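Trainee: With the input below, show me the fold.
(2 chains)
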Protein chains: 2
Amino acid sequence: MRNLPSLLDLIQDFSVQNPFPGNFSELYEPCTYMLTLGGKRIRPALLLMGYELFRDEVETALPAAWAVELFHNFTLMHDDIMDAAPLRRGKPTVHTKWNTTTGILSGDVMLIYAYRFLNQVGEPELVSKLMKTFNRVASEVCEGQQLDINFESRRDVSIPEYLQMIELKTAVLLGAALEMGAICAGAEPADVQHLYHFGQHAGIAFQIQDDLLDTYGDPEKFGKQVGGDILQNKKTLLVLKTMEIASANDRAELDEWMKTGADNPEEKVAAVRAIFDRNNIPALIQAEKERFQKTAFEHLDAVNVPVERKTVLQQTIGDLLGREH
Amino acid sequence: MRNLPSLLDLIQDFSVQNPFPGNFSELYEPCTYMLTLGGKRIRPALLLMGYELFRDEVETALPAAWAVELFHNFTLMHDDIMDAAPLRRGKPTVHTKWNTTTGILSGDVMLIYAYRFLNQVGEPELVSKLMKTFNRVASEVCEGQQLDINFESRRDVSIPEYLQMIELKTAVLLGAALEMGAICAGAEPADVQHLYHFGQHAGIAFQIQDDLLDTYGDPEKFGKQVGGDILQNKKTLLVLKTMEIASANDRAELDEWMKTGADNPEEKVAAVRAIFDRNNIPALIQAEKERFQKTAFEHLDAVNVPVERKTVLQQTIGDLLGREH
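Mentor: Have a look, this model is predicted:
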């Protein structure tokens, strides 16, 4: 059983040994650039961990792991255009460094390369099973992005709708990575299903936590500007929960703040936080996160392998979710 | 053996029986819209013809044929954004009718659906073979589009480079459609190869003919405005050939015209045509087209099946290339 850093080394070696073509540099260089922006590569690592629950020769699952990483980066490249995002991890996004045409076309070819690697995993029977999972989830991720876009111009988004959006946009791919790892290892269908649901629920919990940390995180640990969502008037789960349970006065006040710009950012963040605080929103959102987290780990517990094989996965997801182990 | 209209009916029936999902309408409606803009569906028809050279139960190849059609429409949707094209076949392009975000995301999901259909063709062994061809050609098409973009800002494009661009951007997919049809039918590798080269060479011939007809076509038969390429200062094969063989005076005159707008379109088209005419460009380009056309049909001749099975394919490609049969 390899730990996370050791699996990340394997993934890094695989990426170095399988670079994009050297010709057509205008097309492929942006792909390479995107992959070196310092993403955590959690999805390919999860795929390998899903494999290692059942079998040891994890190298055989590397092409599938890399396919998932390429798919994820394809979505980031296109999402950055749709969101008009100038920066990703502090560096220029592809469409900013080059242009929109490059962002579209290099993203397209990156998705096609994901399928190329998927087709290299092994026996056709296995590839066909992986394709089924991958295709299902790939279209779900597009559906999630579509919901996210729709929600920007809607004022009546419900919490179940929001949860469906983060599930499709983010969580299903985490589930699929684990599912695909288990499929590569020839796991039983019931275990494959449990791993999918483990990743899917953990992914939702992670996104809920992300909403919470954006407003309540430790500025030293969080990495992004705390309060960023408030300043951008994002309809996060904190806002939706407030709109669901708060008094008419508090709802109206929050509504007013969300119509303003960020002229006085500290005042705005403090005022919105005060509304959240007096409605007990942090605790309610934390409880929501823990609900998904609990279900996630129940699915991992149900996977029919010795507990000691689950340690790496337990610890990795536990760390991501800020859970002590 | 079915003729072209009969195969197109099969394809139409398949598309009606396999619609995009009814939910997430903002995502899937633009896909359906794109598919009903009246494309000729020549690629899926070629795939079925490639199949029918060898076997009769052509219905089994329909998911692969539809995958190729979806792929083609995905490229059109994204190309239209990159080219800032307002219209396609006289109707608004997807990014014009909706917006760029929709054009990107609906295009993405259409590509993913192409792979979904590909994975439905049959035995995993067959799907894996089809995937290999499809993935190879899908990335080549992106490379061709990249070359086309590069050429817009280059003044020194050579004829071999131009031919490589149209080969990658257009011809390889026609070849791949035939190749995939033959693979679905379990054809011998040598025949599969001949069919690929038949489609690839016919595709290049078709694109050369397209350049020629844009300037010299019969306005009644050619669906677009004759002289459109001249007015848009496009570096077509006619221009490149002139730059290769004409006198310094003629080259300079063409260069001057290509720096002007289209204030007096009739004068400009007539003047540029006169340069082409006195350098014998139409005949030279026609000869270039016939060279590829001849090679194409040599590959079809070499396919090891009774000649009577080749009639539909011969006639369809012959009609496309304006060849008498």
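Trainee: contacting residues for the residue nearest to A:N18 when sequence neighbours are not counted?
Mentor: Nearest residue to A:N18 in three dimensions, chain neighbours excluded: A:W66, at 6.8 Å (CB to CB, 6 or more residues apart in numbering or on different chains). In this view, the C-beta of every residue, glycine as well, is placed from N, C-alpha and C. Listed by CB atoms under 8 Å, 6 or more residues apart in numbering or on different chains, the contact set of A:W66 reads A:11, A:14-15, A:18, A:44, A:117.
Trainee: go with 10 Å
Mentor: A:11, A:14-15, A:18, A:35, A:41, A:44, A:47, A:113-114, A:116-118, A:120-121 (CB atoms under 10 Å, 6 or more residues apart in numbering or on different chains).
Trainee: Ok, A:L48 next?
Mentor: Neighbours of A:L48 in contact, by CB under 10 Å, 6+ apart: A:2, A:4, A:6-8, A:10-11, A:58-59, A:61-62, A:64-65, A:177-178, A:181, A:184, A:312.
Trainee: Following element in sequence after whichever strand or helix holds it, please.
Mentor: Using DSSP states H and E, A:L48 falls within helix A:42-52. Counting by DSSP H and E, the element after helix A:42-52 in chain order, helix or strand, is helix A:62-82.
Trainee: How far away from the center of its chain is stretch A:152-165?
Mentor: 18 Å (CA atoms, centre = their mean, to the nearest Å).
Trainee: swap that for stretch A:288-300, sorry
Mentor: 16 Å.
Trainee: Let me see the residues that make contact with that stretch.
Mentor: A:53, A:159, A:163, A:167, A:171, A:174-175, A:178, A:191, A:193-212, A:237, A:241, A:307, A:310, A:313-314, A:317-318, A:321-323.
Trainee: what does the average pLDDT come to for that stretch?
Mentor: For stretch A:288-300, mean pLDDT is 97.
Trainee: Name the nearest residue to the residue in the stretch 151-300 of chain A positioned nearest to chain B, sequence neighbours excluded.
Mentor: Residue nearest to chain B within the stretch 151-300 of chain A: A:L168 (9.3 Å; CB to the nearest CB). Leaving aside its sequence neighbours, A:L168 sits nearest to A:G144 (CB to CB, 6+ apart; 2.9 Å).
Trainee: I'd assumed A:K169 was in contact with the one you found.
Mentor: Yes - counting by CB atoms under 10 Å, A:G144 does reach A:K169; the two are 3.0 Å apart.
Trainee: looking at chain A, which helix or strand does the model trust least?
Mentor: helix A:219-222 (a mean of 71; mean pLDDT, DSSP states H and E).
Trainee: So which elements touch it?
Mentor: Contacts defined by 3 or more CB pairs under 10 Å, 6 or more residues apart in numbering or on different chains; DSSP states H and E place helix A:219-222 against helix A:189-216.
Trainee: With chain B in mind, check whether the helix it packs on reaches it.
Mentor: No - Helix A:189-216 lies out of reach of chain B by CB under 10 Å from any CB of the partner chain, never closer than 17.0 Å.
Trainee: Distance from the chain centre to that helix, please.
Mentor: 9 Å.
Trainee: picking up where we left off before, are any of the contacts of A:L48 buried, and if so which?
Mentor: A:2, A:4, A:7-8, A:10-11, A:58, A:61-62, A:64-65, A:177-178, A:181, A:184, A:312 (16 or more other CB atoms under 10 Å in any protein chain shown).
Trainee: just those: which has the poorest pLDDT?
Mentor: Scoring those by pLDDT puts A:R2 last, at 92.
Trainee: Regarding it, what are the backbone dihedral angles?
Mentor: phi -100, psi 150 (degrees, to the nearest 10).
Trainee: coming back round to it: what mean pLDDT does whichever helix or strand the residue nearest to A:L168 is part of get?
Mentor: Per DSSP H and E, A:G144 falls inside helix A:124-152. Mean per-residue pLDDT for helix A:124-152: 97.
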